[in-house]
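Enquirer: output the structure for:
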Amino acid sequence: MEIMTACGSSAMSGSPAVVLRLVASAYTVAEKAGDIVRNVLHRGDLGIVEKEGAHDLQTLADRLAQRSVCASLSRRFPKITIIGEECAYSYGSMQELPPEEVSEDLIENGQAEEILQKVCPVEYCGVKEEELVVWVDPVDGTKEYTEGFLDNVTVLIGIAYAGRAIAGVINQPFYNYQLGPGARLGRTMWGMLGLGAFGFQLQEVWDNRRIVTTTRSHSNKLVTDCVNAMEPHEVIRVGGAGNKIIQLIEGKASAYIFASPGTKKWDTCAPEVLLRCVGGKLTDMHNNAYRYDANVKRMNSAGVLATLRNHEYYVSRVPESVLQALKSD
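Expert: Below is the predicted model:
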């Protein structure tokens, strides 16, 4: 019997859709980046430099992990656009390092077989390489990485099509690190619209209480006022945008509030997909969706409002002072 995929190709003779192959590659590439992040820490020399002050740091792990991710994906998918945080370059236009100048030990050629076996949602079957934009944050939570808050650190690879985030991979290099020697470090989660999210368990343990997660180290009056306006029962302050979304998708928090510019598209692209796959939503403070086209502003200028449930409630509570201060793009 000939088995047909949703893309209309034979499972015997055809190959998976481009977007599925890209997600399968992004999965193994994110795991490779997680290895790099751990190895730099274990060597003890983080190679820290300040990009725009003491709160905007870059480490050797950021630099090596970005080279690994971008070079590995561009080698297999030469027509995609890749936008990485470090130097904010795009492969195919501005290149920090051409792929041939990246050492082979940074290249990951594998693909996650379990993803290749999935049936591609029909709306993405015909998507071409050149229509895909990949947003990369090689170390989300760099400040926390340098300060030892290792469970806050993630590697983020988001995939967008027609301006919409449609697939994402999140690697947590230090997942389980607090369990001590012998514990298996790291885990990788992924999601795609129309397929679902994988690699974690959603457990809604907060019983409809409003548990808000927000910034650990970048607060200001607008952020504080907005968080307080939600009348939360509890506030969880942690680092990393990816880590905050993980709080939501695992049911540890009900909303992520950041009423300030600061996050970028590479911070939110991948996490937004996983959140949407479990029924959540991510917008700016005006309830407008962010776009992820290659030519958009990198900054999420109007803040981030992400929720697991009851998005309308949180939108309705945003103070007018916040809406006036944060103009929607």
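
Enquirer: quick one: the helices in this structure?
Expert: Using DSSP state H, the helices of the chain run over 18-43, 60-76, 113-116, 142-147, 221-229, 241-249, 265-277, 311-317, 320-325.

Enquirer: TSV for the ones you listed, including mean pLDDT?
Expert: Listed next are those as TSV, based on pLDDT from 0 to 100:
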stretch	mean pLDDT
helix 18-43	97
helix 60-76	94
helix 113-116	97
helix 142-147	92
helix 221-229	95
helix 241-249	96
helix 265-277	98
helix 311-317	97
helix 320-325	96
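
Enquirer: where does this structure have low pLDDT?
Expert: In the predicted model of the chain, residues 1-14, 50-56, 87-100, 204-207 satisfy pLDDT under 70.

Enquirer: bridging residues for M189?
Expert: Here M189 sits in beta bridges with I170, going by DSSP bridges.

Enquirer: would you agree it is in contact with F200?
Expert: Yes - using C-beta atoms under 8 Å, M189 is in contact with F200, at 5.1 Å. For every residue, glycine as well, the C-beta is placed using N, CA and C.

Enquirer: about what we covered before: adding mean neighbour count, write the helices of the chain out as TSV.
Expert: Formatted as TSV, the helices of the chain follow (neighbours: other C-beta atoms under 10 Å):
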stretch	mean neighbour count
helix 18-43	23
helix 60-76	24
helix 113-116	15
helix 142-147	21
helix 221-229	18
helix 241-249	26
helix 265-277	27
helix 311-317	16
helix 320-325	14
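
Enquirer: shared neighbours, M189 and F200?
Expert: Taking C-beta atoms under 8 Å, 6 or more residues apart in numbering as the criterion, M189 and F200 both touch I246, I249.

Enquirer: between these two, which has more neighbouring residues?
Expert: Using other C-beta atoms under 10 Å as the criterion, M189 and F200 rank with M189 on top: 25 against 20.

Enquirer: what about the more buried one, distance to G158?
Expert: M189 sits 12 Å away from G158, going by C-beta to C-beta, to the nearest Å.

Enquirer: overlap in contacts, those two.
Expert: With C-beta under 8 Å, 6+ apart, M189 and G158 have common neighbours V169.

Enquirer: quick revisit: closest one to N171 among the helices of the chain?
Expert: helix 18-43 (4.0 Å; C-beta to C-beta).

Enquirer: quick one: the closest one to helix 60-76, angle?
Expert: With axes from the mean of the first three to the mean of the last three C-alpha atoms, to 10 degrees defining the directions, helix 18-43 sits at 150 degrees from helix 60-76.

Enquirer: how far off centre is helix 18-43?
Expert: When C-alpha coordinates are averaged (C-alpha atoms, centre = their mean, to the nearest Å), helix 18-43 and its chain have centres 13 Å apart.

Enquirer: ok, stretch 141-156 next?
Expert: Its chain's average C-alpha position is 14 Å from that of stretch 141-156, according to C-alpha atoms, centre = their mean.

Enquirer: what's the span of that stretch, first residue to last?
Expert: 11 Å (C-alpha to C-alpha, to the nearest Å).

Enquirer: can you count the residues close to I236?
Expert: By other C-beta under 10 Å, neighbour count at I236 equals 15.

Enquirer: now N220
Expert: 11.

Enquirer: from R21, how far off is it?
Expert: Taking C-beta to C-beta as the measure, N220 falls 43 Å from R21.

Enquirer: and if you look at F149?
Expert: For F149 relative to R21 (C-beta to C-beta), the value is 35 Å.

Enquirer: could you find the closest non-adjacent residue to C269?
Expert: Leaving aside its sequence neighbours, C269 sits nearest to G158 (C-beta to C-beta, 6 or more residues apart in numbering; 2.6 Å).

Enquirer: tell me the contacts of that neighbour?
Expert: 134-136, 165, 167-169, 265-266, 268-273, 292.

Enquirer: one more time with 7 Å
Expert: W135, A165, G168, W266, C269, A270, V273 (C-beta atoms under 7 Å, 6 or more residues apart in numbering).

Enquirer: what pairs with it across the strands?
Expert: G158 has these beta-bridge partners by DSSP bridges: W135, G168.

Enquirer: check T307 too.
Expert: Here T307 sits in beta bridges with A255, K281, going by DSSP bridges.

Enquirer: so it touches V278, yeah?
Expert: No - at 11.2 Å, T307 does not count as touching V278 under the criterion of C-beta atoms under 7 Å.
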